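S.K.: here is the input, now give the coordinates:
(one chain, ligands or ions: 1)
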Amino acid sequence: MTLIDEIKRRRTFAIISHPDAGKTTLTEKLLLYGGAIHLAGSIKSRKTQRHAVSDWMEIEKQRGISVTSSVLQFDYDGCRINILDTPGHQDFSEDTYRTLMAVDSAVMIIDAAKGVEAQTKKLFKVCRERHIPIFTFVNKLDRYGKIPLDLMDELENVLGIRAYPMNWPIGIDGKYLGVYDREKNRVELFAEDTTHGQKERVSEIFASDDPELVKRIGQENFDALQEDLMLLDEAGETFDKAKIDAGELTPTFFGSAMTNFGVQNFLEEYLRLAPPPAPRLSDDGIIEPEDEKFSAFVFKIQANMNPAHRDRLAFIRICSGKFERNMNVWHAPSDKLIKLAQPQQFLAQDRQIIDEAFPGDIVGLFDPGIFGIGDTITDVNHKFKFEDFPTFPPEKFARVQAKDTMKRKQFAKGIEQLTQEGAIQLFNQVGAGTESYVVGTVGTLQFEVLQYRLKSEYNVDVLLTMLPFEVARWLKFSDGTKVTPASLRGADRGMFVLDRDENPVLLLENEWSLGWITDNNPKLEMNATPYR
Ligand code: G4P
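M.R.: Residues are numbered from 1 along each chain as shown. Down below sits the predicted model:
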């Protein structure tokens, strides 16, 4: 297969949803239809542990699909599918943003009974900003929910995206019999689910004017369908591929991941409409995936994936050219040549050493500590840098120190590692010594994760004291003089700290304090993220 063929058959996406909408279940069913697993249900419920810290790693692992494995790869109908897992917890993290940087499209799951929920809105916004195509799967149609027309309105009103229903459920709420496929103008009726969703659902296809169809679904359901379809044709959106590609129109599917209702149809249509790997912006112009010269960027770093080996993996998304094991590449930030040995790909917990990979693929590289989030690696004969990753201002802060001062060394090592992974941001309070650190995060859950990981991976119990700050500002004086606690008026209204590069940062409680500092330091410039 040529490089172009390999690119064309790849689909790299993430599933975004509010917790409980059915991300895990749908992922599992896609694997089932892809033949990657043979019986669904191997992914156990994590209900009891849902909001616990351990959910983040341990429990996810037990369920078979792990957030730490980052990517699932399987084939369906000639396509190679890469599903990137986004963390399933409530707390929104930078990790999720970064994962969304590495995909070409997103699948948004909506719980039919709950409609558009808070987390979905946030994740949707990130996808929207990247202008990537978004496909919607309205899930849990096997039980009572909002009516489909209202859900369409909700997508438009709450998210501001126009929706084009690709299929339409037939029957009444909670007892749908099948779906009408608008593209193919035919009906798929599903047999009873007798396997509790463990196996593919049996279905029958009917032409929309087949007299047998009326007999099967009843005149009332048939009439209701005609009425809905007329409404959709008259008042609804028209199908427009260009708008889908631009992320302005979301093709919408109805189904039930649990009972495999509409799952296959969704998968097939998704693969048909979703884009292959897209070009990327760099400081040397647009990089096309078909470019023969290899390039990739690091979007995630994960330490200690395997507790038996203290390893660290950097996950790269390939953007152009062909990846080969043991190839030498140029690492942009260090301006060094490095050899990519032992690259890995994943299905659930199984790692495989791979020999080659193509644009759209995700590869895990052993990282001896050289990689950082957002790093570009390229062919040695075409050096450039992809556009910067967005950084997010920390909003929660805590002071952390080891309970047992004898364990300071492990503590420092653990903190350092987690900082490199991008899980936390590290600060030093000026004059506070090195016994403790000030840690900043985007959400509070990261603190739990921090405590948990320091304990389980470094055997360090930490003392964590939340600090009352919610705003961080990187500081600089317009005349170039150094900002110090002494030269800043009102430094004691917050906490004056230095980031890892010794840049001055002020932590403040609220916008009001921020206003005071602005008013009283005319030369001061402030930024919510580090100055570059
Ligand atoms: P998440 O990853 O988005 O958080 O959701 P997950 O797939 O874990 O699903 C959350 C709950 O919703 C699970 O129930 C799951 O079985 C259920 N679910 C998923 N898809 C459907 C569907 O199409 N129909 C119905 N009725 N339920 C669905 P649970 O009670 O938390 O776990 P379990 O005991 O069922 O495993």
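
S.K.: where exactly do the strands run in the stretch 251-400 of the chain?
M.R.: 280-282, 285-287, 295-303, 312-320, 323-324, 327-331, 336-340, 344-347, 350-353, 356-357, 362-366, 376-378, 396-402 (DSSP state E, counting those that start in this stretch).

S.K.: what is the distance between the fourth one and the centre of its chain?
M.R.: I take that to be strand 312-320. 15 Å (CA atoms, centre = their mean, to the nearest Å).

S.K.: what packs against that strand?
M.R.: When contacts are defined as 3 or more CB pairs under 8 Å, 6 or more residues apart in numbering; DSSP states H and E, strand 312-320 packs onto strand 295-303, strand 362-366. Where you see a C-beta, it was placed from the backbone N, CA and C, and this is true even at glycine.

S.K.: can you list those strands in TSV and add mean neighbour count and distance to Thr441?
M.R.: Converted to TSV, those look like this (neighbours: other CB atoms under 10 Å; distance: least, CB to CB, whole Å):
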stretch	mean neighbour count	distance to Thr441
strand 295-303	24	16
strand 362-366	22	24
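
S.K.: export those to a markdown table and tack on mean pLDDT and distance to the ligand?
M.R.: Compiled in a markdown table, the helices and strands packed on strand 312-320 are given as follows (pLDDT from 0 to 100; distance: least, CB to the nearest ligand atom, whole Å):
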| stretch | mean pLDDT | distance to the ligand |
| --- | --- | --- |
| strand 295-303 | 88 | 19 |
| strand 362-366 | 87 | 20 |
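
S.K.: and Leu445, which of these is closest to it?
M.R.: Among the helices and strands packed on strand 312-320, the nearest to Leu445 by CB to CB is strand 295-303 (16.7 Å).

S.K.: residues from the stretch 251-400 of the chain in reach of the ligand?
M.R.: With the criterion set to CB under 6 Å from any ligand atom, the stretch 251-400 of the chain comes near the ligand through 256-258.

S.K.: any idea which residue of the protein is furthest from its center?
M.R.: Computed with CA atoms, centre = their mean, the residue of the chain farthest from its C-alpha average is Pro211, at 45.7 Å.

S.K.: from Phe222, how far out is that residue?
M.R.: Distance, Pro211 to Phe222, by CB to CB, to the nearest Å: 10 Å.

S.K.: so the residue nearest to the spatial centre of the chain, which of the three states?
M.R.: Centre of the chain computed as the mean C-alpha position; nearest residue by CA atoms, centre = their mean is Thr86, 3.6 Å away. Three-state call for Thr86 (DSSP: H, G, I helix; E, B strand; the rest coil): coil.

S.K.: I'd say it and Leu100 touch.
M.R.: Yes - between Thr86 and Leu100 there is a contact under CB atoms under 8 Å: 7.3 Å.

S.K.: please enumerate residues in contact with stretch 401-418?
M.R.: By CB atoms under 8 Å, 6 or more residues apart in numbering, the list of residues contacting stretch 401-418 from outside reads 303, 312, 400, 424, 426, 434-437, 439, 450, 453-454, 457-463.

S.K.: buried stuff in that stretch?
M.R.: Buried residues in stretch 401-418, counted by 16 or more other CB atoms under 10 Å: 401-402, 407, 410-411, 414-415, 417-418.

S.K.: and stretch 380-387, by the same measure?
M.R.: Neighbour counts using 16+ other CB under 10 Å place 382-386 of stretch 380-387 among the buried residues.

S.K.: pull that stretch out as CSV, backbone CA atoms only.
M.R.: Provided in CSV are the C-alpha atoms of stretch 380-387 (Å, rounded to 0.1, in the frame of the first residue of the first chain):
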residue,chain,number,x,y,z
VAL,A,380,16.5,15.2,9.8
ASN,A,381,16.4,16.8,6.4
HIS,A,382,13.3,18.9,7.0
LYS,A,383,13.4,20.7,10.4
PHE,A,384,10.5,22.7,11.6
LYS,A,385,8.2,23.2,14.6
PHE,A,386,4.5,22.7,14.8
GLU,A,387,2.4,25.5,16.2
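
S.K.: thank you kindly, that will do.
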